[in-house]
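Q: output the structure for:
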Amino acid sequence: MNKVRHLSMAAGLALTLAVPVFAGITDTPPAPPPPPPDGITLTGITGTPPAVPPANEPVDPVVNLLLTLLPGVLLAF
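A: From the prediction side, this is the model:
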């Protein structure tokens, strides 16, 4: 009788420890995202260039010189 009790306790412990291990395993792939609703445009990165061209270098030579020297002065402190 003692052996049966030990065997049933061992089987119960094994099942108790094994259930959480197999609980997270699923064989189904994730569902695809739903389509966007009508009338809403998607935003994000596209291949089109921006509507406003980027700003060019400063025309004033004093501003250009200050912008060139500013990183070196900041590194000195």
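Q: just checking, next helix/strand downstream of the host helix or strand of residue 8?
A: Using DSSP states H and E, residue 8 maps to helix 2-23. Downstream of helix 2-23, the first helix or strand assigned by DSSP H and E is helix 61-76.
Q: just the mean pLDDT for that following helix, thanks.
A: Across helix 61-76, pLDDT averages out at 81.
Q: pull it out as PDB, backbone CA atoms only.
A: Output in PDB follows, covering the C-alpha atoms of helix 61-76 (Å, rounded to 0.1, in the frame of the first residue of the first chain):
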ATOM      1  CA  PRO A  61      30.000  84.000 -42.900                       C
ATOM      2  CA  VAL A  62      30.000  85.000 -39.300                       C
ATOM      3  CA  VAL A  63      27.200  82.600 -38.400                       C
ATOM      4  CA  ASN A  64      29.000  79.900 -40.500                       C
ATOM      5  CA  LEU A  65      32.200  80.400 -38.500                       C
ATOM      6  CA  LEU A  66      30.400  80.400 -35.200                       C
ATOM      7  CA  LEU A  67      28.600  77.200 -36.000                       C
ATOM      8  CA  THR A  68      31.900  75.600 -37.100                       C
ATOM      9  CA  LEU A  69      33.800  76.600 -33.900                       C
ATOM     10  CA  LEU A  70      31.000  76.000 -31.400                       C
ATOM     11  CA  PRO A  71      31.500  72.200 -31.000                       C
ATOM     12  CA  GLY A  72      35.200  72.700 -30.300                       C
ATOM     13  CA  VAL A  73      34.500  75.400 -27.700                       C
ATOM     14  CA  LEU A  74      31.900  73.200 -26.000                       C
ATOM     15  CA  LEU A  75      34.400  70.300 -25.900                       C
ATOM     16  CA  ALA A  76      37.000  72.500 -24.200                       C
END
